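Enquirer: Predicted model follows, preceded by the sequence.
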Amino acid sequence: MTGTTFWDLVARRAARTPDAPALIQGAESARQERRITFGALHRRAERVAAGLYETGVRPGSRVVWQLPTRIETVLFSLALARIGAVQSPVVPLYRAHEVGQVLRRTRAAFFAVPGVWRGFDHRAMADRLAAGLPGPLTVIEAYDTLPDADPAVLPPPPADDDEVRWIYWTSGTTAAPKGVLHTDRSLRTAGRWLGAALRLGPSDIGSMAFPYAHVAGPDYTVMLLEHGIPAVLLEHFALPGALAAYRRHRVTLAGGSTAFYALFLAEARKLPPGRRLLPSLRLLAGGGAPKPPALYHEVVAGLGCQLTHGYAMTEAPMVTMGDPYDSPGHLAGTDGRPPAGMEIRIAPGSGEIRLRGPAVCRGYLDEPAPFDADGFLPTGDLGHLAPSGHLVVTGRLKDIIIRKGENISAQEIEELLSRHPDIADAAVVGLPDTTRGERVCAVVEQPPGARELTLATLSAHLLSHGLAPHKLPEQLELLPALPRDTTLRKVRKQQLRERFGGGGPGRGEAPDPPPQ
């Protein structure tokens, strides 16, 4: 179906405001920063597309990329959109355990990596994985240098905006990740809705502190292209170091998830009374994890800006978002209202949230269609709609942990723990955490005569099996026996959450895992 493709948005914005700034690569020092205009973004992305085309990338080619939040990454992704390739982004935190699954499931012919990034050799990992795949895999390093050629070699841009060209990954409730199928239309719709919900204006300056490989990457890019505003990109987000770039460019929009709110608030509390952390900031916005109502009031008072929180998922990157002009009660206690076109149905009996609309994905890679008889997508999340139309999310049917906006499969970690000789059984649960949204807690039952586990040895075991560092448990509890029901002998995880979720120290607790 002919429509407005992702590449059409790039070309139209370049024609309208070619000299307007599009992306600024933020850094602690102004001398280290780089920027690119919308016109240059269009020209360079087309040259990168030509370079990739000469490398063998064709319309429909499946390309997995695992790249950090950089101007070059945006150019690489837009170049694939120009060709009409099928791209499957993977966040740079993932390691061989997860990346190998993605490469096999997508049957990718190309894999783009940053080389050595933050102390980890992605190229070496890619080469090892390529050796074990059934088909050939071309590895492309795309960090400072990108493929480049004359755009005359390119075929015409794609015209169908309803063809699946994006595969994003989410763990869900199983150990194997799900490949979520998106089209240019679904991602374009989500980005347009998000920009409208945030009430963007010509003086706004955005920021991307999250991994660009998240589904929020194209979401945010659509906003920039639609409204012609720039954004500051941060390859690695850490406070207080990132504040210099926010202040220098007078960022008006920031956020990410609940963890980002808490980090900004903690920095603001270090300042003398009456001094704002970011004087230009008008709005902190995000989603991806539960937001305690009290946090809303703390952010508004501590940062001197508005906070809007929304509900979204990889399958539907924009479902609801708080309106900056909503009442404090709605902004604190709900996840906002859906835009016109997003239908929300609460299943009777279970209270499960179900979705239908143009921003919803087309399904899952190599899996049966997940939609019900009326075309609604079951989310696995629980909630209700207030009389005002605002959505209130109350819990989850899915056994996942949302830590700093990242979906972590409890079953994936449990299966790896079961390989340890000193573990008879294990249950992994998410516990409330004021800075992370949830923290990962492993509750372990050991066999007789086993050596007592420590959090350090547990982490070493999981890392040795290729688990991404951001999924490591931060708390370890040892029990003589896990609580179970009397029918199917399922572990009663709710009992574990109630027992260990009070915030006190456990057998072992750790801070955020370092990058590896």
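Expert: Received the coordinates, thanks.

Enquirer: In three-state terms, label residue 294 for me.
Expert: What DSSP: H, G, I helix; E, B strand; the rest coil gives for residue 294 is helix.

Enquirer: Once you drop chain neighbours, what's closest to it?
Expert: Leaving out its chain neighbours, the residue that sits closest to residue 294 by Cβ to Cβ, 6 or more residues apart in numbering is residue 332, at 7.8 Å. For every residue, glycine as well, the C-beta is placed using N, CA and C.

Enquirer: Confirm that the one you found sits in a helix.
Expert: Yes - under three-state DSSP, residue 332 sits within a helix.

Enquirer: In this structure it contacts residue 298, no?
Expert: No - judged on Cβ atoms under 8 Å, residue 332 makes no contact with residue 298 at a distance of 10.1 Å.

Enquirer: If you count surrounding residues, which of these two has more?
Expert: Between residue 332 and residue 298, residue 332 has the larger neighbour count (other Cβ atoms under 10 Å), namely 20 against 17.

Enquirer: In contact with the more buried one, which residues?
Expert: Residue 332 sits next to 293-294, 296-297 when contact means Cβ atoms under 8 Å, 6 or more residues apart in numbering.

Enquirer: Dump those into JSON lines; add neighbour count, pLDDT and distance to residue 355 as well.
Expert: As requested, the contacts of residue 332 are exported to JSON lines (neighbours: other Cβ atoms under 10 Å; pLDDT from 0 to 100; distance: Cβ to Cβ, whole Å):
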{"residue": "293", "neighbour count": "14", "pLDDT": "87", "distance to residue 355": "24"}
{"residue": "294", "neighbour count": "10", "pLDDT": "85", "distance to residue 355": "28"}
{"residue": "296", "neighbour count": "23", "pLDDT": "94", "distance to residue 355": "24"}
{"residue": "297", "neighbour count": "14", "pLDDT": "95", "distance to residue 355": "29"}
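
Enquirer: Just name the closest of the residues you listed to residue 140, please.
Expert: residue 296 (43.4 Å; Cβ to Cβ).

Enquirer: contacting residues for that closest one?
Expert: 307, 309, 328, 331-332.

Enquirer: Can you report how many residues lie near residue 361?
Expert: By other Cβ under 10 Å, 27 other residues sit near residue 361.

Enquirer: List the backbone torsions phi and psi for it.
Expert: phi -60, psi 170 (degrees, to the nearest 10).

Enquirer: picking up where we left off before, so which of the contacts of residue 332 comes closest to residue 189?
Expert: Nearest to residue 189 among these, with distances taken as Cβ to Cβ, is residue 296, at 27.3 Å.

Enquirer: Now that closest one. Nearest residue, chain neighbours left out?
Expert: Residue 296 sits nearest to residue 332 (Cβ to Cβ, 6+ apart), 3.9 Å away.

Enquirer: Over to residue 376?
Expert: Per Cβ to Cβ, 6+ apart, closest to residue 376 is residue 354, 3.9 Å.

Enquirer: what's the average pLDDT for the helix or strand hosting that neighbour?
Expert: Using DSSP states H and E, residue 354 sits in strand 352-356. What strand 352-356 shows for mean pLDDT is 97.
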